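Visitor: turn this into a structure:
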Amino acid sequence: MYMLENESLAVRLREWPGVQDYTHTPTDTKMQGSGPDGRLAVDGTTTDWSEWDIEFAMSPDRTAANYGLSLRRTGLQIAMDYRLERAAVELTVTVIDDRSAPLNRLDWIDQPLLSCENPEFRFERTEIRQKSWKLIPGGGRGLYDRKRVVDKIGDAVPDLADVPTMHACAFDGKLCCFVQTNYPVLPLLSRLTEDRRYRGRSGGFAISPGTYQYRVRNRTMEPLRLRTVFLEDLNGDGAADECDYHLWMNRQFPDADPLYKEAVWYQVFNAEKERGVLTTFKETLEIIRQIHNVTGGVPQIAYLIGWQFDGHDTGYPSLNRINPKLAEQPERAREELEELVRRARDEYNCIVSYHINLDDAYVDSPDWDPALLSRDPDGSPRLWLDTPKQRAYHLNHTKDVESGQVFRRIDEFLQAVPVSRTVQVDALRNTNASWEPDGGYIGPLEELVCGMKPILAYFRERGIDVSTEGQNGMPIEDAGLFSAYWHYSPSLMYHGKIVGGGSVDLNAVVWGKGASFDSDILYRGEPTRLLGEQFLANDFESKWEQIVDILYLGSLLYQFYLSREMVEWREDEERVYIRYADGATVNIGKATERLDVRWGRLTIADNEDRFIPLGDRVYLYSRQGSDREWALPEEWQACEFAAYRMSGDGKKRLREYPAGAESVRIRLEPRVPVILEKKELA
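Guide: Residues are numbered from 1 along each chain as shown. Model (predicted):
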């Protein structure tokens, strides 16, 4: 028996590469690792440890150990290194030599990396389950559902098999334990094991590595890293639980591109094949102008939908033709688009960019190529859309990249239209698997590593970040791949790491969690039929008050959240409680849709009233109108400032306030924003 030890952990290793158990010294808590029957499967064949030559070495300070493995029948050589650092153990799996029999995959059989056998502990996991390969109306095909489950181990029902898992932890208030890995697709397996005393009830919770697919097309994966981590209270709330796990994970992820945190971003629906032109280039500039004016010049990103070919979802995968119907003079469409981009940037602090599609191929596209399509096991191309007027199939990103066609199309796109800093890609996903005629299979890992990542890198090399529609049913770790999702539900784990549109359901629950635009803006939309002869107007003018609601109730409050670190998120059927590191708190009553956001002595949000300090401004808004006293931030009390009434046509000064007051009384008209601005010193 081998032992690794430091001031936080004592880890007993087995004669073969596996952990027997862990002892967390500060809390005197013991956790299990693998049982005595653990095995390693090579390319689907389970091996016995007697089939391996195993060499073991330990560092003099007993904080690191190395297992050198050689499979006698194939010559496969693998190194498994354990390293102890503070209250964590990192396992690195490195393939040293597989020349005689190329390795494709490794699986850990009955060999959890971490096992909690105390039924009084609680657990959290994000389960991943694949949908049908049949085309499901509104649900895609071959996509994955995620389900977050939190329960007491002893109250849960045992699993009949390992559950594919994205994130998982076990905790009891004193200690939170989990496994973190660099493997990007279906990274973990978890299992609720049956209690030895009570059939049908769970008595333990185990976390294991998922399949490590080493060979991916013509390349190999980086070494597999798995960290088993033991956390005490990290966020200062007095308990070690799932919030500490989420916060720890959040701190490992790269930050989102600041562009999306500082700007209000939305989609302008320009045209659709059936409905025709909905917003011209000139009308797009008017939308940008009014949003600029009503927010006092907050940075914007406007993504154009239907700017290409004959409108939304036409021409793909080609990206090189501007829709001439959007211009006042169709023959000058390029010039008018360039003018829109220039004026939006220079006059209104707005980036005009584009909604594009790299996932689908329409049969009438100039770049239609059946060789690039995803294929089902019977060899038929993967159908995505089939209507009397349109037929489209899924592209396989791996084949698209290997052919070089996607890069040619991107180059043509960048030559056809002016692009700066960001684009939005519709439904870019790694689930466009393909069964190839030669018996090969291009799966989710190939689609991620050999398809999506090279495409994203190609844009980034040209100074362009890619945002996308949403998580899109992908079985992957999202953070670090995309900075921004259009459809997005905020969470502690991804706060500030993935920025999202959220939802425009216009209620306190949505705004309180953090939300911005999640619907398109169009200038002259067709009325929507309600009942009988009733119609709901759907144009920019009639939707203006709703747009201002979204900006002031949602977008600016979300920017307030994004400027600070979230450290706690508690949610049940009745309420949501969120806390930030600087003391800002969010309380949401779900049934009553009651929202209360406070920052020390400051009220930031009170139901549908807002007082949002951001930089040298405070943004005030009331959906119903209000006349109330607002406490001022401390740094504002020493400053003179002015108040401005905001509208789509500009601002009007209301009054000036001298320095020295601790609060300010403001009367707000319904849905009429007011901005406080610090006065520049003479």
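Visitor: just read off the phi/psi values of K399.
Guide: Main-chain dihedrals, K399, degrees, to the nearest 10: phi -70, psi -40.
Visitor: how close does it get to D369?
Guide: K399 is 9 Å from D369, where distance means C-beta to C-beta, to the nearest Å. Heads up, the C-betas are built off the backbone N, CA and C, glycines and all.
Visitor: over to L188?
Guide: Distance from L188 to D369, by C-beta to C-beta: 37 Å.
Visitor: next one: V425
Guide: 19 Å.
Visitor: and the two? Which one has more around it.
Guide: V425 (22 against 14; other C-beta atoms under 10 Å).
Visitor: what is the more buried one paired to in the beta sheet?
Guide: Assessed by DSSP bridges, V425 has beta-bridge partners I356, T468.
Visitor: residue contacts, it?
Guide: Residues in contact with V425, defined by C-beta atoms under 8 Å, 6 or more residues apart in numbering, are H355, I356, N357, L358, D359, V466, S467, T468, E469.
Visitor: could I get these as JSON lines with pLDDT?
Guide: Shown next, in JSON lines, are those (pLDDT from 0 to 100):
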{"residue": "H355", "pLDDT": "97"}
{"residue": "I356", "pLDDT": "98"}
{"residue": "N357", "pLDDT": "97"}
{"residue": "L358", "pLDDT": "97"}
{"residue": "D359", "pLDDT": "94"}
{"residue": "V466", "pLDDT": "97"}
{"residue": "S467", "pLDDT": "95"}
{"residue": "T468", "pLDDT": "94"}
{"residue": "E469", "pLDDT": "90"}
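Visitor: quick check: the farthest pair among the residues you listed?
Guide: Using C-beta to C-beta, those span at most 14.4 Å, a distance reached by D359 and S467.
Visitor: show me what counts as buried in the host helix or strand of V11.
Guide: According to DSSP states H and E, V11 maps onto strand 9-13. Buried residues in strand 9-13, counting neighbours by 16 or more other C-beta atoms under 10 Å, are found at L9, A10, V11, L13.
Visitor: which one among the residues you listed gets closest to D478?
Guide: L9 (29.9 Å).
Visitor: so what's the closest one bridging to?
Guide: H24.
Visitor: next one, pLDDT for it please.
Guide: If you check L9, the pLDDT there is 98.
Visitor: taking the contacts of V425, please make a PyMOL selection of just the buried ones.
Guide: Listed next is the PyMOL selection for buried residues among the contacts of V425, using 16+ other C-beta under 10 Å:
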select buried, resi 355+356+357+358+359+466+467+468+469
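Visitor: show me which of the contacts of V425 is closest to Y393.
Guide: Nearest to Y393 out of the contacts of V425 is D359 (C-beta to C-beta; 10.0 Å).
Visitor: just give me the neighbour total for the closest residue to that closest one other than its chain neighbours.
Guide: Distances taken as C-beta to C-beta, 6 or more residues apart in numbering place A427 nearest to D359, at 5.0 Å, with adjacent residues excluded. Neighbours of A427 under the rule other C-beta under 10 Å: 18.
Visitor: poorly predicted segments of the stretch 501-650 of the chain, please.
Guide: Along the stretch 501-650 of the chain, segments meeting pLDDT under 70 span 502-504, 525-538.
Visitor: with the chain instead?
Guide: 138-139, 502-504, 525-538, 680-682.
Visitor: what's the domain layout of it?
Guide: Split into domains by automatic domain parsing, the chain comes to 2-125+152-252, 258-357+404-427+444-486, 558-678.
Visitor: shouldn't Q471 be in contact with A479?
Guide: No. Using C-beta atoms under 8 Å as the test, Q471 is too far from A479 to be in contact (11.3 Å).
Visitor: what sits against P377?
Guide: Counted by C-beta under 8 Å, 6+ apart, P377 has contacts W435.
Visitor: same check, this time on I287
Guide: Here I287 is in contact with V268, T279, A302, I521, Y523, F540 (C-beta under 8 Å, 6+ apart).
Visitor: which of the three states applies to it?
Guide: Of the three states, I287 takes helix under DSSP: H, G, I helix; E, B strand; the rest coil.
Visitor: next, work out how far apart it and L226 are.
Guide: From I287 to L226 the distance is 49 Å (C-beta to C-beta).
Visitor: P418 contacts L340, correct?
Guide: No. Assessed by C-beta under 8 Å, P418 is found out of contact with L340, at 9.3 Å.
Visitor: which of the two has more neighbours?
Guide: L340 (25 against 16).
Visitor: the more buried one falls within a helix, correct?
Guide: Yes. Assigned with three-state DSSP, L340 falls within a helix.
Visitor: got the phi and psi for the closest residue to it other than its chain neighbours?
Guide: What sits nearest to L340 in space, not counting adjacent residues and going by C-beta to C-beta, 6+ apart, is F281, at 4.6 Å. Note on F281: backbone dihedrals following degrees, to the nearest 10 are phi -60, psi -40.
Visitor: give the contact list for F281.
Guide: F281 neighbours (C-beta under 8 Å, 6+ apart): N270, L326, A327, E328, A333, E336, L337, E339, L340.
Visitor: one more: P388?
Guide: So P388 contacts nothing (C-beta under 8 Å, 6+ apart).
Visitor: can you tell me the SS state at it?
Guide: coil.
Visitor: what do you get for T74?
Guide: Strictly by three-state DSSP, T74 counts as coil.
Visitor: what number of residues lie near it?
Guide: 16.
Visitor: my read: the residue nearest to D359 touches Q471, true?
Guide: No. Checked against C-beta under 8 Å, the pair A427 and Q471 is beyond contact range at 10.6 Å.
Visitor: the helix or strand containing F205 pairs with which strands, parallel or anti?
Guide: Per DSSP H and E, F205 falls inside strand 202-209. Neighbouring strands of strand 202-209 in its sheet, by DSSP bridges, are strand 114-116 (antiparallel), strand 188-194 (antiparallel).
Visitor: highest mean neighbour count out of those?
Guide: strand 114-116 (a mean of 25; mean count of other C-beta atoms under 10 Å).
Visitor: closest one of the buried residues of strand 9-13 to L595?
Guide: L9 (42.7 Å).
Visitor: now do the contacts for that closest one.
Guide: By C-beta under 8 Å, 6+ apart, the neighbours of L9 are Y22, T23, H24, T25, L84, A87, A88, V89, F230.
Visitor: go ahead and confirm the third one touches D172.
Guide: No. No contact is recorded between H24 and D172 when judged using C-beta under 8 Å, the distance being 11.2 Å.
Visitor: from D48, how far off is the closest residue in space to Q32 that isn't next to it in sequence?
Guide: Nearest residue to Q32, sequence neighbours excluded (C-beta to C-beta, 6+ apart): S115, at 4.0 Å. As judged by C-beta to C-beta, S115 and D48 stand 22 Å apart.
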